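Colleague: A structural model of the following input is requested.
(chains A and B)
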Amino acid sequence: DTGVSQNPRHKITKRGQNVTFRCDPISEHNRLYWYRQTLGQGPEFLTYFQNEAQLEKSRLLSDRFSAERPKGSFSTLEIQRTEQGDSAMYLCASSLAGGLGYEQYFGPGTRLTVT
Amino acid sequence: AQRVTQPEKLLSVFKGAPVELKCNYSYSGSPELFWYVQYSRQRLQLLLRHISRESIKGFTADLNKGETSFHLKKPFAQEEDSAMYYCALRKNGGSQGNLIFGKGTKLSVKP
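Modeller: Purely as a prediction, here's the structure:
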């Protein structure tokens, strides 16, 4: 297991197009998180899953954003009708649930550029 | 609202000098605090967590609830410590799941 993987690593799209990103977590991890990072900022939480259930969504996650984790393994994040403000690094992380101090393991990210 | 503040965007020190990266938080409950590090061209990774009270790569951080701070310290900086450092908070003992990050501090250790 090489850790959390994300595809694609880079995506350039035109405004108004839809894009979908994929995240494959560490295999035994039941929690999966999505974050967004813009230039000069730390990662900002978008949503997370425990198994296939989406347990929390940030107010940053507008109606144009949807995330799924259908079988409790990989996850997809779709952005519909992309806007230039969606340009960012999208990070995925996974962890085991519960307990104090548990670690989230991050993927390399998908860099989205909306032109 | 919960917030993590890292007041320095950039911290530049010479090799062998002490380093302190500041982190302050606002949260009314009992938080978990973490330091994450991102080396050049690498992914974000955990450096240390307050619950473990550990020293990793010579770094330590103590949670000061009175001052709501979790500053990261190292007595003698090394060039390989140059990286982006993020302080992060998790609410409610982990049940909420997500991390709240500061904006990060870029540490540059000069030879």
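Colleague: Smallest distance to chain B belongs to which residue of chain A?
Modeller: A:Gly42 (3.2 Å; CB to the nearest CB). Backbone N, C-alpha and C define where each C-beta goes, glycine included.
Colleague: With adjacent residues omitted, what lies nearest to that residue?
Modeller: Using CB to CB, 6 or more residues apart in numbering or on different chains and skipping residues adjacent in sequence, the residue nearest A:Gly42 is B:Phe101, 3.2 Å away.
Colleague: who touches that neighbour in this structure?
Modeller: Neighbouring residues of B:Phe101 by CB atoms under 8 Å, 6 or more residues apart in numbering or on different chains: A:42-44, B:4, B:36, B:86-88.
Colleague: Check the residues you listed for burial and list the buried ones.
Modeller: Neighbour counting over the contacts of B:Phe101 (16 or more other CB atoms under 10 Å in any protein chain shown) leaves A:42-44, B:4, B:36, B:86-88 as the buried ones.
Colleague: rewinding a little: quick check, the residue of chain A closest to chain B in a helix?
Modeller: No. Under DSSP: H, G, I helix; E, B strand; the rest coil, A:Gly42 sits outside any helix and is assigned coil.
Colleague: so it touches B:Lys103, yeah?
Modeller: Yes. The criterion here is CB atoms under 8 Å, and A:Gly42 meets it with B:Lys103 at 5.1 Å.
Colleague: circling back: just give me the closest of the buried ones among the contacts of B:Phe101 to A:Ala93.
Modeller: Of all those, A:Pro43 has the smallest distance to A:Ala93: 8.5 Å, by CB to CB.
Colleague: Next, work out how far apart that closest one and A:Arg9 are.
Modeller: Distance of A:Pro43 to A:Arg9, computed by CB to CB, to the nearest Å: 17 Å.
Colleague: Please, which helix or strand holds B:Leu48?
Modeller: strand B:45-49 (DSSP states H and E).
Colleague: What ranges in chain B fall below the confidence cut-off?
Modeller: For chain B, applying pLDDT under 70 flags the ranges B:92-96.
Colleague: what does it put close to chain A?
Modeller: When proximity is defined as CB under 8 Å from any CB of the partner chain, chain B approaches chain A at B:4, B:9, B:32, B:43-46, B:49-52, B:86, B:88, B:93-94, B:96-104.
Colleague: need the contact list for residue 55.
Modeller: All of this refers to chain A. Here A:Leu55 is in contact with A:48-49, B:97 (CB under 8 Å, 6+ apart).
Colleague: To clarify, I was referring to chain B.
Modeller: Per CB under 8 Å, 6+ apart, neighbours of B:Ser55: B:Leu48.
Colleague: Which residues are in contact with A:Gly16?
Modeller: Contacts of A:Gly16 (CB under 8 Å, 6+ apart): A:81-82.
Colleague: where does the residue in chain B positioned nearest to chain A fall, phi/psi-wise?
Modeller: Nearest residue of chain B to chain A: B:Phe101, at 3.2 Å (CB to the nearest CB). The phi and psi torsions at B:Phe101 (degrees, to the nearest 10) take the values phi -100, psi 150.
Colleague: Can you give the strand pairings for the lowest-mean-pLDDT helix or strand in chain A, parallel or anti for each?
Modeller: Using mean pLDDT, DSSP states H and E, strand A:53-57 stands out as the lowest-scoring helix or strand of chain A, at a mean of 91. In the sheet, strand A:53-57 lines up against strand A:44-50 (antiparallel) (DSSP bridges).
Colleague: re earlier: could you export the strand holding B:Leu48 as PDB, CA atoms only?
Modeller: C-alpha atoms of strand B:45-49 as PDB (Å, rounded to 0.1, in the frame of the first residue of the first chain):
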ATOM      1  CA  GLN B  45       2.200  14.700   6.800                       C
ATOM      2  CA  LEU B  46       1.700  14.700  10.500                       C
ATOM      3  CA  LEU B  47       4.700  15.900  12.500                       C
ATOM      4  CA  LEU B  48       3.300  15.700  16.000                       C
ATOM      5  CA  ARG B  49       0.200  15.800  18.100                       C
END
